[in-house]
Structures are given as C-alpha cells and as structure tokens.
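# coords below, sequence missing:
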C-alpha cells in the first residue's frame, strides 16, 4: 500500500479515537445492537456456533479477499472500534493491528492459549495475495487452525470471552462449546487417519500456509508459492518436474484451473485440494473441512493405490 493510503488510514483512526467515540456512525450501527468482529472465517464459524443468533458476527474482509492480506479502510476501522468484541487469530495474522486504534479491552487473541505451539518462521516471508499488496506477518506461521487441536483451543478462548462479556449466556455457550469441541475433535481424528495413509509420500504444498497441518498430521514436504489461478512460469514447471517422484502428491489451497491441472496430469503428478477455508464462503467452515477429508480419501483410495 502507498504511504499516503497508510497515512489516511492511521489519521482516520486517530480522529475517531481523539473524539472519544468508540462506536461507528449511525449508518453502521443504527439500532445500537451489539456485534462481534472476527478476522477470518474459522473464527466467524466458531463464534456463530457458540453464540447462535444472539448477536451479529461480522467478517469485514470481502468474499473475494484473503483476510490475511486484507487491510481495513477507515470505515472498517469504525466498525472495529464499535464492536463489542474483536476476535483476533494471533501469531501475527492481523498484521495491520498496530496501525489502528482499538480499545484493548475488546481485543481477544484466540490463539493465545496455544502460543507455546506457534511455529516460528524460518525467515520472515513477504508476499501478496491478490490486490492487497506486499506484506509480512512477522515471526510465526499464522494458519493455526489447520492443526485442529489448536482450533479447539481457539474455540475455547472465544467461548470464555463470550461468557465473560455476556454472563447471561454462559450456560448456552458452554453447551454449544461441548458440541463444537466434539466435532472438531472428530475432524482432527479423521485428518490423522487420512494422514496415516499418506505417510512416506513426497508432499508438495502450493503455498507456505500448511505449517501447522504438516506438524500435526506428520506430513512434511516442501512449500512453493503457486496460486491455483496463476500459470507458473516455465522455470517453475521445470523445477517442479525435477523434484517429483512416483509417490509425489501436490496439495493445493484451491482448485487449480484446468490448464494447470492438465499439465500436472501430463507430469503424472497427483494433486488434491486441502482448503484452509480462511475466506468468507457460501459453505460453512466445517463443511469445507469435511470436503477436504472426502477429497483426501478419494486421492488415497482411487489415485495413489
């Protein structure tokens, strides 16, 4: 982002803070009802499961933007400041946080309970997804929820924050947490079972967002910087060709376009989509994870055997 745009964002946040107004304009919150902001789709899903329809839960990043590369506008900052709770992922996920003024009393770092399990980056990676521009997320890998045992801890942190903020809902949140935790545990066990079938395979990951997935499910492999809708260069294809073997499997974040898929097939390289589901979607987060497992099962039984 250009320096002028950053200055505008910071200035807008400072103006609102200086006025002592911790709520957005009447247009954004005209009924003065409480709402919660989650910074990515997993946290949005966990919160909806825990609190139901009692409050509005917002994900400000649009559907076509990766929340990890999204940067809030001045209007978004107003919504962040007006929220009753802002649910952060932690591990440097919301890299824009130091640029805006939000009351610390409403910030909840859901990954804090799992901080000892955060995976340090070997080097700080600066990258971009779409129109967000280049950015860096700091010293840790940030897709923590791809380790379902950590996702369970994040859901528990959200539940604790909801119960503290709205004690009247303590019992219902606790009941909902028990159900959600059971489903996340089942999902974790299913991923571990599929991973056993892939043990010893040469795994290639399309992007360095699978650190927690690799660690939890013991599926080490190299990470590239390939996007499913951007044709790699000839040099990248040549490098890939030299690195694959008979047991190789390529894991994509999203479905590759047909031309890329055809070229991979010509190399004899099997691939499967394991979607982290960080973005807003018509499907809920849990459904996407179950679809990931279905695809893994198919690739294990029908492609790799």
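Yes, it's here. Predicted model only: the values in this text are computed from it and were never measured. Numbering: from 1, shown residues only.

# wait, residue 220 sits on residue 210?
No. Counting by Cβ atoms under 8 Å, residue 210 is not a contact partner of residue 220; they are 10.1 Å apart. To be clear about C-beta, it is placed using only N, CA and C from the backbone, and glycine gets the same treatment.

# With neighbour numbers in mind, choose between these two.
residue 210 (22 against 11; other Cβ atoms under 10 Å).

# List the contacts of the more buried one.
Each residue near residue 210 by Cβ atoms under 8 Å, 6 or more residues apart in numbering is listed here: 143, 146, 223, 251, 274, 276.

# Looking at those, spot the one nearest residue 59.
residue 276 (14.6 Å; Cβ to Cβ).

# So that closest one versus residue 248, what's the distance?
According to Cβ to Cβ, to the nearest Å, residue 276 and residue 248 sit 21 Å apart.

# Between the two, tell me which one has more neighbours.
Counting neighbours by other Cβ under 10 Å for residue 276 and for residue 248 shows that residue 276 has the greater number, 24 against 19.

# phi, psi of the more buried one?
Dihedral pair for residue 276: phi -60, psi -20, per degrees, to the nearest 10.

# Hmm, residue 208 and it touching each other?
No. Under the criterion of Cβ under 8 Å, residue 276 is not in contact with residue 208, lying 11.7 Å apart.

# give the contact list for residue 67.
Neighbours of residue 67 in contact, by Cβ under 8 Å, 6+ apart: 39-41, 59, 61, 278-280.

# now residue 81, what's its secondary structure?
State at residue 81, reduced to three classes by DSSP: H, G, I helix; E, B strand; the rest coil: helix.

# residues near it, how many?
Other residues close to residue 81 by other Cβ under 10 Å number 21.

# now swap in residue 152 and tell me
Neighbours of residue 152 under the rule other Cβ under 10 Å: 23.

# Name the nearest residue to it, ignoring sequence neighbours.
Counting by Cβ to Cβ, 6 or more residues apart in numbering, residue 184 is the residue found nearest to residue 152 once chain neighbours are left out, at 4.8 Å.

# and the next element down the chain from the helix or strand where the one you found lies?
Following DSSP states H and E, the helix or strand that holds residue 184 is helix 170-197. The C-terminal neighbour of helix 170-197 among helices and strands, as given by DSSP H and E, is strand 202-205.

# quick one: buried residues of that next one?
Counting neighbours by 16 or more other Cβ atoms under 10 Å, one finds that the buried residues in strand 202-205 are 203-205.

# so which of those comes closest to residue 151?
Residue 151 lies nearest to residue 205 out of the buried residues of strand 202-205, by Cβ to Cβ, at 18.8 Å.

# and the closest residue to the closest one other than its chain neighbours, how many neighbours?
Distances taken as Cβ to Cβ, 6+ apart put residue 223 closest to residue 205, at 4.5 Å, once the chain neighbours are dropped. By the measure other Cβ under 10 Å, the count of residues near residue 223 is 17.

# any low-confidence regions in the stretch 201-305 of the chain?
Counting by pLDDT under 70, the ranges of the stretch 201-305 of the chain that qualify are 305.

# show me where it has strands.
Per DSSP state E, counting those that start in this stretch, the stretch 201-305 of the chain carries strands over the ranges 202-205, 221-223, 248-252, 270-273.

# Which one of these lies nearest to residue 90?
In this view, the strands of the stretch 201-305 of the chain are compared for proximity to residue 90 by Cβ to Cβ, and strand 221-223 is the closest at 21.0 Å.

# Just the pLDDT for residue 65.
The model reports residue 65 with a pLDDT of 91.

# Quick check, it in contact with residue 73.
No. Residue 65 is not in contact with residue 73 according to Cβ under 8 Å; the separation is 11.6 Å.

# Neighbour count: the two, which is higher?
residue 65 (17 against 14).

# To which secondary structure element is the more buried one assigned?
Residue-wise, residue 65 maps onto no helix or strand under DSSP H and E.
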